[in-house]
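Undergrad: this is a predicted model, with the sequence first.
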Amino acid sequence: MPHQNPISNPAPLRDGLSTDLLIVGGGVNGLGVAWDASLRGLKVIVVEQADVGQGTTGRYHGLLHSGARFAVSDPQTAADCASENLILRRIAAGCIEDTGGYYLATPADPVDYADRWLAACLLNKIPAEEIPVERARRFEPSLSPRLSRAFQVNDAALDSFELARRLVAAIRRAGGLVCVHHRVSALIRDGDRITGAEIVDLRRGVKSTIGASFVVNVAGPWAQAVARLARIDLPLTYAKGTMVAMASRPVHTVLNRCKPPSDGDIIVPIGSVIVLGTTDEPVHGPTDLRIHPWEIDLLLAEAEFILPGLRQARVLRAWAGIRPLFDATSSFETGRRGTPLGHALLDHEKLSGCAGFVSIIGGNLTTFRSLSEKIVDLICSRLERTQPSLTKTTGLALEESGHYRLPSRLERMRGADSSSTSNLVCECELIDREQILLALDDPDNMDMDALRRDLRLGMGPCQAAFCALRTYGLLTDQLHTARIQKEWRIQPFLEERWKGQRPVGWGHSLRQMDLSRRLYQEFLGLRQEKPA
Amino acid sequence: MRIVVVGAGLSGLFAAILSADLGARVTLVAEGRGSLALSHGGIEIWGKASPSRALPKLQANHPYAKIGLPALRAALGEFQALVEDWGGLRYAGNLSRNLSLLTAAGELRRMGLAPPAASNFDQLKLKPFTIGAVQGLLDYFPALIEQKASSLGLKVQGVIDLPVLDAPAKRALSAVDLARMFDQKPWRTELLRTWKPPLSGVSRLLLPAFLGFKDFNAIREEFLEELGCTVFEVALPSSSVPGLRLERVLRSRALDLGVEVIDGVQAKGRIDGPSRGKRVAGLALSSAGGQRQLNADIIILASGGFLHGGLEALQEHAVREPIFQLPLDFPQDRTLWTSASPFNLQPYAEIGVRVDKQLRPLDQRGRVMFENLHAIGGILAGSDRTHEGTRQGIDLSSAYKAVHAAIKPLRQTASSRRLK
């Protein structure tokens, strides 16, 4: 039997196929809906215009909320987070690092907030316990000596790329299709009902028509564009959040500022870095991802209150994600920070008489599962199906991704087999030759950026300065020449790495950027590609 | 007369050698090591077109406009003579036409002077050649080179697997490992014996650059005599053997000329003498053993650009030169330091020290800051060396220009003093 990558699609997307659910958007909400529905025996097809987790899902800070953040402002979301936190720790243990979390009050924070917040946590049954500041500092010696109070909460670090990967594997194992680099170009309307869609394979330029009993619009910031295909106007506003990753991991616990939710109030250790998050700025649309210097400065300055001296450390890169906010009043202010993590489930049959079509706006990574369950419940009631959701008790295991994370890769290298030490392609993330070859088996992995998502290639401190050539060289050995020249190119990969480093382009980051330019352009002679 | 050179990269080493050759007492202080190990070993002069035709047209703020074509020509001549006479490295090329070298990514990079036995496109295209593959060698991808070379119109006869003796067991084999092993005569005699059968009938062989540091010429001779192969070398990144060969020759020449080399010390700032700020009296240093001072008649600053810490970019939208606090021109908004693609021209790369025609740093009003301080190499403003393909040309010619500008007047004063 030929070796098949265990997470590739069970069948190709063919013209004329019909499905129960056509899900537009391969973020965590779309994948969550597809997973929940496929476990209930529904046929699903997920269509994603870029790659899974490429949108808001992957542009996330990595915090699995304990709920404590919303205890004061939004008790309902807080309670959802608290219960989902426990469920995800069970079903998605492999994506979660149990870091625990601290709430830390600094002299810059409102004095009365800590007690109000603690009371709200207790009232909403969100575990939070005051501990002596000295105890927190014993666990995390980098913490500021000027902290006034410390509380322990149930936070954790969640790797959203790994979660998306496991969801894709689970959907495909249950018979569903996840089609990346495909876009819905038209919705087919029969009277007052959406009955399917026309889908373009963006990489091959092929169109196909799919029939669907239900179309689920979970395109995140792109939901407005998708709804427009059904001639429905969604009043959306957009908020951008910027995050900064440091090139080191000086703490191993999630750190929250004990103050009302605001810019720069969390620090999340994830993998080999810590992420500082986030800002919240109104923007015009889904592509409005420009990062301003004030955002970076603010995040670093706020982190300094908890981790003094952090700004001397090397900043790795910065990125921004867009939160779409449903705004029935079309006023931005009502949708801002107060309830960014709430969601709107829009049943277009009720709202505008367009059956077979729902849109979901917003949501929060921690509560993606319960939101998905709610959506599929609604759809099942419309389809007159009665199967209950199984996601609460179904594990998202993925055997072959055991080597995905740094500690397990280190473990593998320490083993008897020394071939992985001499076959290292990426020294930052410890990716060896075999892992790249395995990832190449997946036909969806059609460019170097897909390997980044799959293996963390180029995401470490060197930002691809050393691994891009090695990967490219390895690919030439393994792949057909034509495939190499068309999609597997170094330049766009390096340009993508550069983009994330630019907002933090000073100090050590700028030195790293300069080194990479010198290597690829002076030493290796790469030039800008001529536009096709 | 004492000259203190700060920095042990290409420009610092070359300046120290030139100064010592002119009879000066030279001390070279270096915190790190420069980036010859990250360099292909060639001398890029002006990668975009013929250097001798393009350079006279450059704008006044470009380093070459300060240095001038005659100094560049003289510097290259000195360099070629130096590395050939002292180290047996015969660099080919001239100012009128660039050479193209095949890189480890199978692309071409243009440069003015190419290291000996380099993968020169003009020579490779004359006749078909064979690519030697070495299993497990870090950063070497013969299939990639073969494919790209063919698409460039080169005739590759095939790729032949060549076994390696005594490869390290627990880590990847690097070109530097092999170069060290090649320098051992018994090892390479044995290796050449095992390579003889697979290479029978091969007369032109493309290999990664690893044919020794010391015995480079002898090894090439042995390849020709024992195997009948002319070897062309492709430099591999992450410790480049041709770059290290060049560093080795320059360092040993400097030591031979009596240059005092102090590695691992950081220049902290200037010492003022009785000149009321017109001259620098010396340099304050910080080393593992503590602080020390070095008096100097002339200081040549070759501390490099951003990569080496000669320039520091700060989060506060500012750039500084950390040793002498020299004034710099830079965009006051850090988002303007870089451009959208790494393959574009980068404003940050043009930031640096502005100098007069003797390469002395200027203050904000365009006046010479210190009569006896010269800046050379990567710290000079006005060129994105990566984009232009000018790095080593600026390094060598600015070193030459500064040394000659600094030493001539001093010699005159010294001789006039003697006359009195």
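TA: The structure has been received and is ready for your questions.
Undergrad: for the helix or strand containing residue A:476, buried residues please.
TA: Using DSSP states H and E, residue A:476 sits within helix A:467-478. The neighbour-count criterion (16 or more other C-beta atoms under 10 Å in any protein chain shown) identifies A:467-476 as the buried residues of helix A:467-478. C-beta: built from backbone N, CA, C; applies to glycine.
Undergrad: return only those of those found close to chain B.
TA: Among those, proximity to chain B is found for A:469-470, A:472-474, A:476 (C-beta under 8 Å from any C-beta of the partner chain).
Undergrad: need the contact list for residue B:42.
TA: B:99, B:101, B:109, B:111-115, B:118, B:242, B:392 (C-beta atoms under 8 Å, 6 or more residues apart in numbering or on different chains).
Undergrad: 6 Å instead?
TA: Contacts for residue B:42 (C-beta atoms under 6 Å, 6 or more residues apart in numbering or on different chains) come out as B:111, B:114-115.
Undergrad: and for residue B:6?
TA: The contact partners of residue B:6, by C-beta under 6 Å, 6+ apart, come to B:29, B:267, B:301, B:303.
Undergrad: smallest gap between the stretch 201-350 of chain B and chain A, at which residue?
TA: Among all residues of the stretch 201-350 of chain B, residue B:343 sits closest to chain A, at 3.6 Å; criterion: C-beta to the nearest C-beta.
Undergrad: within range of chain A, give me the residues from the stretch 301-420 of chain B.
TA: Within the stretch 301-420 of chain B, the positions near chain A by C-beta under 6 Å from any C-beta of the partner chain are B:306-307, B:313-315, B:334-335, B:337-338, B:341-343, B:386.
Undergrad: please flag which of those residues sit within strands.
TA: Within those, residues falling in strands by DSSP state E are B:313-314.
Undergrad: mind giving me the PyMOL command for buried ones among the residues of the stretch 301-420 of chain B next to chain A?
TA: Of these, the buried ones go into a single PyMOL selection, burial set by 16+ other C-beta under 10 Å:
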select buried, chain B and resi 306+307+313+315+334+337+338+341+342+343+386
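Undergrad: what sits up against stretch B:44-58?
TA: B:64-65, B:69, B:95-97, B:110-112, B:389-393.
Undergrad: what about the helices in the stretch 251-400 of chain B?
TA: Per DSSP state H, counting those that start in this stretch, the stretch 251-400 of chain B has helices spanning B:347-350, B:385-388, B:391-419. These are given in chain order.
Undergrad: and what of the stretch 1-150 of chain B?
TA: Using DSSP H, counting those that start in this stretch, the helices of the stretch 1-150 of chain B run over B:10-21, B:51-54, B:63-67, B:69-87, B:121-124, B:142-151.
Undergrad: tabulate the ones you listed (a markdown table), appending mean pLDDT and mean neighbour count.
TA: Below are the helices of the stretch 1-150 of chain B laid out as a markdown table (pLDDT from 0 to 100; neighbours: other C-beta atoms under 10 Å in any protein chain shown):
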| stretch | mean pLDDT | mean neighbour count |
| --- | --- | --- |
| helix B:10-21 | 98 | 28 |
| helix B:51-54 | 92 | 18 |
| helix B:63-67 | 97 | 23 |
| helix B:69-87 | 97 | 18 |
| helix B:121-124 | 97 | 18 |
| helix B:142-151 | 93 | 20 |
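Undergrad: which secondary structure element is home to residue A:500?
TA: Residue A:500 belongs to helix A:490-501, assigned by DSSP H and E.
Undergrad: buried stuff in that helix?
TA: Buried residues in helix A:490-501, counting neighbours by 16+ other C-beta under 10 Å, are found at A:490-491, A:493-495, A:497-501.
Undergrad: picking up where we left off before, any chance of the ones next to chain B among the buried residues of helix A:467-478 in TSV with pLDDT as columns?
TA: Output for those, formatted as TSV (pLDDT from 0 to 100):
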residue	pLDDT
A:469	93
A:470	92
A:472	90
A:473	89
A:474	88
A:476	83
